[in-house]
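S.K.: When you get a sec, could you give me coordinates for this:
(one chain, ligands or ions: 1)
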Amino acid sequence: MRTTTARAYPNIALIKYWGKRDESRILPAAGSLSVTLDAFETTTTVVPNPAGDADSLELDGQPADEEQTRRTTAFLDHVRSLAGSEQPVIVRSRNSVPTGAGLASSASGFAALATAAAAAFELDLDTRALSRLARLGSGSACRSVVPRVAVWHAGDDQASYAEPVDAPDMRMVVVTVDRGRKPVSSRAAMRLTAATSPFYDAWVSSTEDSLAAMIDACRDGDFTRIGEITESHALRMHALIQSTTPPIRFLRPQSVAIFDAVEKLRENGLEAYSTADAGPNVIVLVRPENAEAVAAALDGLGELRIVGPGPGAHPLPEGSEVPAATEGIS
Ligand code: DP6
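M.R.: Numbers count the residues shown, from 1 in each chain. Just a heads-up that it's a prediction; the model follows:
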């Protein structure tokens, strides 16, 4: 075993993953498609800990809470079982934005951890196997293993991984309206949706249709079609989530105001399309040449940042370790 560090970026789904067919293996009810970003990265170091009797996790320089540690250990157990090892490790992870701020995501977190841990345990995994492994930590993490645009296939354990899709160059204007931790986790909200929404089956079957149309639009380089499907699919997901018992609403009045502003931009001839994950922040999909103009038009509606397609999860050279919280304190 050796100490290793890896970096991964969050992804924004244009076709959303919302619902599992198998909770323990994190198999999605339908396929999804996303853009891996070039910002908001997570860097994670995995250190062998022969003296320890359990894994330990430091997040942004602080000891992680019980739930985060439990989820990390459960994930590392998958890695250990592939490696035939029982070795506990120390994990140190750092997000470039504060954890729980709506953009530091479990996708970048588990993609970085999967990449670092696979290398630490000297597993020789290709991108497909790494994507399947990352999926066991958090479903959307399997897409952050892949650069740029990725499709995650539904299917059984072997067949459920992400791989690249040809697509035109695009940018996203991230509009952050709330940096607070979300009131309910994606995982819990997803479970409630499958258990209580009367629209769940229609969502699953229509998502497969939307995904097929999206893959065609990407391959055709048809930005307008990509945008139209993106916005309509996001609104369907939020409608679905509001149909649970008890209802959950992630969008805030400010989020809706951004959807409205983007619609108005389109009416005025500036093409842009909105999407939002399980939270109030809105991501606006634009052609590269329109990114600055759209950001300028949305000024005042939230904190703005233009991002583009980024790299897949990758190991970093020796010497890039995330420092221990106590380092430098004597
Ligand atoms: C709204 O991947 O965080 O961002 O698999 O339970 O860890 P778990 O869920 P997670 O859900 C992401 C939900 C989403 C849509 C998406 O990224 O496709």
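S.K.: Just give me the residue right at the centre of the chain.
M.R.: Nearest to the mean C-alpha position of the chain, by CA atoms, centre = their mean, lies A107 at 3.6 Å.
S.K.: which element is that residue on?
M.R.: Element membership for A107, per DSSP states H and E: helix 106-120.
S.K.: returning to what we had before: now do the contacts for the residue nearest to the centre of the chain.
M.R.: Going by CB atoms under 8 Å, 6 or more residues apart in numbering, A107 touches A8, P10, N11, S138, S140, A141, R143, S144. For glycine as for every other residue, the C-beta is placed from the backbone atoms N, C-alpha and C.
S.K.: Check G302 too.
M.R.: G302 touches V175, T176, V177, Q254, I258, N281, V282, counting by CB under 8 Å, 6+ apart.
S.K.: returning to that earlier point: give the closest residue to the residue nearest to the centre of the chain in space, chain neighbours not counted.
M.R.: Counting by CB to CB, 6 or more residues apart in numbering, A107 lies nearest to S140, which is 4.1 Å off, once chain neighbours are set aside.
S.K.: That neighbour reaches N11, doesn't it?
M.R.: Yes - the criterion here is CB atoms under 8 Å, and S140 meets it with N11 at 6.5 Å.
S.K.: Compare neighbour counts for the two and give me the winner.
M.R.: N11 (32 against 29; other CB atoms under 10 Å).
S.K.: so how far is the ligand from the more buried one?
M.R.: Separation of N11 from the ligand (CB to the nearest ligand atom, to the nearest Å): 7 Å.
S.K.: ok, what's across the strand from that residue?
M.R.: Bridge pairing for N11 (DSSP bridges) gives the partners T36.
S.K.: and the contacts of G302 near the ligand, which?
M.R.: For the ligand, no contacts are drawn from these by CB under 6 Å from any ligand atom.
S.K.: just to revisit the earlier point, name the member of the contacts of A107 that has the highest neighbour count.
M.R.: S144 (35 neighbours).
S.K.: ok, and the closest non-adjacent residue to that residue?
M.R.: Per CB to CB, 6+ apart, closest to S144 is A111, 3.6 Å.
S.K.: How about L136?
M.R.: Using CB to CB, 6+ apart, the closest residue to L136 is H78 (4.9 Å).
S.K.: need the residues of the stretch 51-200 of the chain near the ligand, please.
M.R.: S106, S138, G139, S140, S186, R187, M190.
S.K.: my read is the third one is in a strand, agree?
M.R.: It refers to G139. No - G139 sits outside any strand when classified using DSSP: H, G, I helix; E, B strand; the rest coil, being coil.
S.K.: Go ahead and confirm it touches K20.
M.R.: Yes - counting by CB under 8 Å, G139 touches K20, with 7.2 Å between them.
S.K.: higher neighbour count, those two?
M.R.: Each of G139 and K20 has its neighbours counted (other CB under 10 Å); G139 has more, 26 against 18.
S.K.: so what's that one up against?
M.R.: Shown in contact with G139 (CB under 8 Å, 6+ apart): Y17, K20, I26, P28, W152.
S.K.: Identify the residue nearest it in space, chain neighbours excluded?
M.R.: I26 (4.8 Å).
S.K.: So what does the one you found look like in phi/psi?
M.R.: Dihedral pair for I26: phi 50, psi 60, per degrees, to the nearest 10.
S.K.: Can you give me the neighbour number for it?
M.R.: 23.
S.K.: My understanding was that it contacts L136; is that so?
M.R.: Yes - counting by CB under 8 Å, L136 is a contact partner of I26 at 5.9 Å.
S.K.: returning to what we had before: as a markdown table, the residues of the stretch 51-200 of the chain next to the ligand with pLDDT would be great.
M.R.: Shown next, in a markdown table, are those (pLDDT from 0 to 100):
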| residue | pLDDT |
| --- | --- |
| S106 | 92 |
| S138 | 97 |
| G139 | 98 |
| S140 | 97 |
| S186 | 92 |
| R187 | 93 |
| M190 | 97 |
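S.K.: Return the member of those residues nearest to P311.
M.R.: P311 lies nearest to S140 out of these, by CB to CB, at 16.6 Å.
S.K.: Tell me the spacing between that closest one and R21.
M.R.: 15 Å (CB to CB, to the nearest Å).
S.K.: again with R266
M.R.: 36 Å.
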